[in-house]
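# below is the structure, and that's it, no one-letter string:
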């Protein structure tokens, strides 16, 4: 299931809130793995067919993934299918292994590995797709981190000390944005998926008309999926294309470390509570949380169709970063296109995106926070 949710627009005297949920059949249930050496189980696949496909033995497949030979595979489960991810050196149990993959040694357990890598056992199980009853055996290959945070090659320097207000930042306007150069030192603290989402937002804002082809390609791909029960709402797509045609180049947004902390705190709260909503701890909503944590960062001024100012938070789940941005822009489940209005608000100067992982077997839960 893929969902989006946006805090509706608000006025100081009147606060309104809407929850928007997408159709459960809106998008593919089993998108392919985005890392080498992994495979996402599709409907009707078996251990034998997957082993054949990747030229490995069934014994290796079951060992690496803590499975039994008699087990029925659940669609969308991610499996290790390459020996390249196996740490086959002489490391002994209880010691960290290089990279983000750990091969279980004799005497190690979920609990001991969670402690070793700084997680609770429940969180460690979750990002490794390990049900509470499943036990790991020597030879199993597990993620040692939930973060896809190895710095890309283009990051050449550590993050500088940045003022929480970024008051001296110059906000770019125009179509000179180059997504391949934007993961720089000021975003070194972000996960790769989070930085890619910032890239997608900025690519759209720098050249709205040029982004139409991305929208059209996304819609064509999704509508062609054999499991789709109905096409993406054509009226929502047409209204987006019309709006992008009329929209001039917008400000390219800077990552903001303080807003990132706000997004991260909310994401961790939603992960721990298994919820998907805007009110956070103590019932506080995004505008309250961002103003309290980052008092110099202002909220939006753009008005939506209902006359209220746009909100400053979007939530989305179950899609890759660039796809999630397009889905929020189409905003087929929202009559006032509020998620779209938030992404296209011209006054924004800052953005932060936080990926809080998998909840209820759905991955890529993102919190987007905006400010000016």
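Structure's in. What do you need? Since we're looking at a predicted model, the values are computed, not measured. Numbering: from 1, shown residues only.
# CA only for contacts and neighbour counts going forward, please
Will do.
# residue 370 belongs to a helix, doesn't it?
No. Read with DSSP: H, G, I helix; E, B strand; the rest coil, residue 370 is strand and lies in no helix.
# for residue 63, which non-adjacent residue is spatially closest?
Leaving aside its sequence neighbours, residue 63 sits nearest to residue 140 (C-alpha to C-alpha, 6 or more residues apart in numbering; 5.3 Å).
# same deal with residue 281?
That would be residue 269: by C-alpha to C-alpha, 6+ apart, it lies 7.3 Å from residue 281.
# doesn't that neighbour fall inside a helix?
Yes. Residue state for residue 269 (three-state DSSP) corresponds to a helix.
# so it versus residue 120, what's the distance?
15 Å (C-alpha to C-alpha, to the nearest Å).
# and residue 226, by the same measure?
39 Å.
# compare those two (neighbour count), which wins?
Neighbour count, other C-alpha atoms under 10 Å: between residue 226 and residue 120, residue 120 has more, with 15 against 8.
# and the next helix or strand past the helix or strand of the chain with the lowest mean pLDDT?
Ranked by mean pLDDT, DSSP states H and E, the weakest helix or strand in the chain is strand 14-15, scoring a mean of 27. Sequence-wise, the next helix or strand downstream of strand 14-15 (DSSP states H and E) is strand 38-40.
# for residue 254, give the beta-bridge partners.
Beta-bridge pairing for residue 254 (DSSP bridges): residue 350.
# all helices for this structure, in order.
Ranges of helices in the chain, per DSSP state H, are 47-53, 58-64, 110-117, 121-127, 192-206, 212-223, 234-246, 257-273, 286-293, 321-330, 338-344.
# and the first one, what's its mean pLDDT?
Averaging the model's pLDDT scores along helix 47-53 yields 92.
# what is that helix packed up against?
helix 58-64 (3 or more C-alpha pairs under 8 Å, 6 or more residues apart in numbering; DSSP states H and E).
# going by neighbour count, list what's buried in the helix it packs on.
58, 60-64 (16 or more other C-alpha atoms under 10 Å).
# got those as TSV, with pLDDT columns?
Formatted as TSV, the buried residues of helix 58-64 follow (pLDDT from 0 to 100):
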residue	pLDDT
58	92
60	94
61	95
62	94
63	94
64	95
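# those residues into JSON lines, with extra columns for distance to residue 135?
Converted to JSON lines, these look like this (distance: C-alpha to C-alpha, whole Å):
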{"residue": "58", "distance to residue 135": "18"}
{"residue": "60", "distance to residue 135": "16"}
{"residue": "61", "distance to residue 135": "16"}
{"residue": "62", "distance to residue 135": "12"}
{"residue": "63", "distance to residue 135": "11"}
{"residue": "64", "distance to residue 135": "12"}
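# isn't residue 208 up against residue 248?
Yes. Between residue 208 and residue 248 a contact is recorded at 6.9 Å, counting by C-alpha atoms under 8 Å.
# which one's more surrounded, those two?
Set side by side, residue 208 and residue 248 show more neighbours around residue 208, with 22 against 17, by other C-alpha under 10 Å.
# hey, least reliable of the helices of the chain by pLDDT?
helix 121-127 (a mean of 84).
# count of residues packed around residue 135?
Residue 135 has 11 nearby residues by other C-alpha under 10 Å.
# residues touching it, list them.
Residue 135 makes contact with 66, 109-110, according to C-alpha atoms under 8 Å, 6 or more residues apart in numbering.
# now do 6 Å
Residues near residue 135 by C-alpha atoms under 6 Å, 6 or more residues apart in numbering: none.
# count of neighbours near residue 283?
9.
# what pLDDT does it get?
83.
# mind checking how far it is from residue 277?
11 Å.
# how many neighbours does residue 131 have?
Residue 131: 10 neighbours (other C-alpha under 10 Å).
# excluding its backbone neighbours, what's nearest it?
residue 125 is the one closest to residue 131 (C-alpha to C-alpha, 6+ apart), at 6.7 Å.
# and if you look at residue 236?
Counting by C-alpha to C-alpha, 6+ apart, the residue nearest residue 236 is residue 332, at 5.3 Å.
# do you know how far that neighbour is from residue 60?
44 Å.
# same check on residue 188?
36 Å.
# repeat for residue 193
30 Å.
# now residue 281
When residue 281 is compared with residue 60 (using C-alpha to C-alpha), they lie 44 Å apart.
# cool, thanks, signing off.
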